[in-house]
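# one predicted model, sequence on top.
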Amino acid sequence: MEEIEQLQDDLSELIKVRRDKLKALVEAGKDPYSLIYFDKTHLSSDVLGGFDALDGQKVSVAGRIVSRRMMGKASFAHILDGTGKIQLYLKADELGEAYEEWKKYDIGDIVGASGTVFRTHMGEVSVKVAAITLLSKSLLPLPEKWHGLKDNDLRYRQRYVDLIANPEVKETFIKRGKIIKAIRDYLDGEGFIEVETPILSTLAGGASARPFVTHHNTLDLKMYMRIAPELYLKRLIVGGFEKVYEIGRMFRNEGMDIKHNPEFTMMELYQAYTDLDGMIAITQNIFDAVRKAVGAGESINYQDNQISLRTPFKVLSMNEAVKQYVGVDFSALSDTSAKKKAKELGLELEKGKDSKGYILYEAFDQFVEYRLIDPVFITEYPVEVSPLAKRIPNTDLTYRFELFICGREMGNAFAELNDPLDQRERFAAQVKLKELGDEEAQPYDEDYVTALEYGLPPTGGLGLGIDRMVMLFTDNYSIRDVMLYPTMKPRK
């Protein structure tokens, strides 16, 4: 306890010293926060990468001081900008009074420096400073004297400090941007139109999930944050669009773990006159485009697993997967035999979810999913868990797949159900589940059924989780590491 109190006292003293320095600057008419412009001509990467052309030339750079070595009348420092670090060399006899002011600067201060490019005796490309300006005073010291911010909880809460203390974190989010751009570029090139659909609506449909509830004051109306854009996007296919997609935030009132955050980013697309094979082809093409955009090969490492992204990916029906990994062929079982097998396997079934289809799905979910390391499309989902997918004729299965990589669902696709009568029955079954207490059951969307009655052409639909894709291609274990601002419980 005494050690903690001493650390707090030391921090308080450091903060006081910095505030006193700011006060002195303001009293001297040199308030750093009053500056609104600095003529920055080069980034650190420009100088480091273009030394041959810039050697001896004048440049102006700016960034945060992250280290410095004072050696009497000369000193070295590194500043961090948006592309990396560059070394500054400062001499007292050339800077005069400005050097005395420089000596009072702190690690974390943001400065602008002008000077000439040169290479030191140690071989490091640097800027010999002719003028330096304090652009913003840092009143809080960087964590652990620039040894890095290691507390993950604090890293997520104070991402701004994390990005300063752990510059490699920025690479994850640079890759995230490249991944989203690669998806857009591919889909735009295939003739898809990017659209926007409502985030607030009076029904939360399109997926099985518990929604967030809010209230519209003017209309005095209960509303929901969207859990998926699916039903709105398919309405557009009814209206005459043939290829549409949306990339945006979804909101699901569910638990938080390494794979789930209450708000997350998803890409959904719909294409008329195609089927599940068309969705498989698009999915593989998207992964190939993303892989190339981030500079990955056909084989990548994720959490000590070597994963082959060579296409085509494996295709396996859900029943085949359960038969292979669990040793049970549910296609040969009656409902009664399936329930008996569920007890033998120790499966816990929810009320109203004890049909053979639900049992098959639970067996897959609990015993198979985590074993699927290399990419595999799992197909032929039971109709009970696929209320929006087209039924395979004369079966209780649907034209649906989920893509799994390293034990995680990466994408979900349907040959979309376009029979309005069948859709009514599926919605009615969902309503019964909701009455039994299933908060994730889908609502009855009468307007969507009306849209289907006007006619939805044969359509393929695909949803991909952007966050999990970023996790895969940046080798991050937790979804919080690929979201700039993950949901956090407030500290007391």
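That came in fine, so what should we check first? Residues are numbered from 1 along each chain as shown.
# which stretches of the stretch 1-150 of the chain have low pLDDT?
1-10, 144-150 (pLDDT under 70).
# one more: the stretch 151-300 of the chain?
For the stretch 151-300 of the chain (pLDDT under 70), the answer is none.
# cutoff 90 now
151-155, 164-168, 206-208, 254-255 (pLDDT under 90).
# which residues of it fall in strands?
With strands called from DSSP state E, counting those that start in this stretch, the stretch 151-300 of the chain shows them at 193-194, 200-201, 213-216, 221-225, 243-251, 263-272, 299-302.
# tell me which of the ones you listed sits most buried.
strand 263-272 (a mean of 22; mean count of other C-beta atoms under 10 Å). Every C-beta, even on glycine, is put in place using the N, C-alpha and C of the backbone.
# can you list the residues that contact it?
183, 187, 192, 228-230, 233-234, 236-237, 241-252, 278-279, 282, 416, 457-467, 479, 483, 487 (C-beta atoms under 8 Å, 6 or more residues apart in numbering).
# Glu27 and Lys21, how far apart?
According to C-beta to C-beta, to the nearest Å, Glu27 stands 11 Å off from Lys21.
# pretty sure Leu403 is touching Phe377, no?
Yes. Counting by C-beta atoms under 8 Å, Leu403 touches Phe377, with 5.6 Å between them.
# residue with max distance from the center of the chain?
Asp93 (50.4 Å; C-alpha atoms, centre = their mean).
# residue contacts, Asp335?
355-356.
# likewise the one 3 residues further on?
By C-beta under 8 Å, 6+ apart, the contact set of Ala338 is 330, 355-356, 359-360.
# and those residues as CSV, adding neighbour count?
Putting the contacts of Ala338 into CSV (neighbours: other C-beta atoms under 10 Å) gives the following:
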residue, neighbour count
Phe330, 22
Ser355, 17
Lys356, 21
Ile359, 28
Leu360, 28
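# so which of these comes closest to Thr172?
Leu360 (37.2 Å; C-beta to C-beta).
# residues touching that closest one, list them.
Applying C-beta under 8 Å, 6+ apart, the residues near Leu360 are 318-319, 322, 330, 338, 382.
# any idea how far Gln57 is from Glu425?
The value you get for Gln57 to Glu425, if C-beta to C-beta is used, is 74 Å.
# who has more neighbours out of those two?
Gln57 (14 against 11; other C-beta atoms under 10 Å).
# next one: that one relative to Ser114, how far apart?
Taking C-beta to C-beta, one finds Gln57 at 11 Å from Ser114.
# so what's Leu462 closest to, chain neighbours aside?
Computed as C-beta to C-beta, 6 or more residues apart in numbering, the closest residue to Leu462 that is not its neighbour in sequence is Ala413, at 4.3 Å.
# what of Val431?
Tyr444 (5.3 Å).
# the one you found belongs to a helix?
No. Counting by DSSP: H, G, I helix; E, B strand; the rest coil, Tyr444 is not part of a helix but coil.
# could you check how far Thr311 is from Phe330?
On the measure of C-beta to C-beta, Thr311 and Phe330 end up 29 Å apart.
# equivalent analysis for Met471, please.
For Met471 relative to Phe330 (C-beta to C-beta), the value is 31 Å.
# circling back to that earlier point, can you list the strands of the stretch 151-300 of the chain in CSV and add distance to Glu453?
Compiled in CSV, the strands of the stretch 151-300 of the chain are given as follows (distance: least, C-beta to C-beta, whole Å):
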stretch, distance to Glu453
strand 193-194, 24
strand 200-201, 20
strand 213-216, 28
strand 221-225, 24
strand 243-251, 20
strand 263-272, 17
strand 299-302, 45
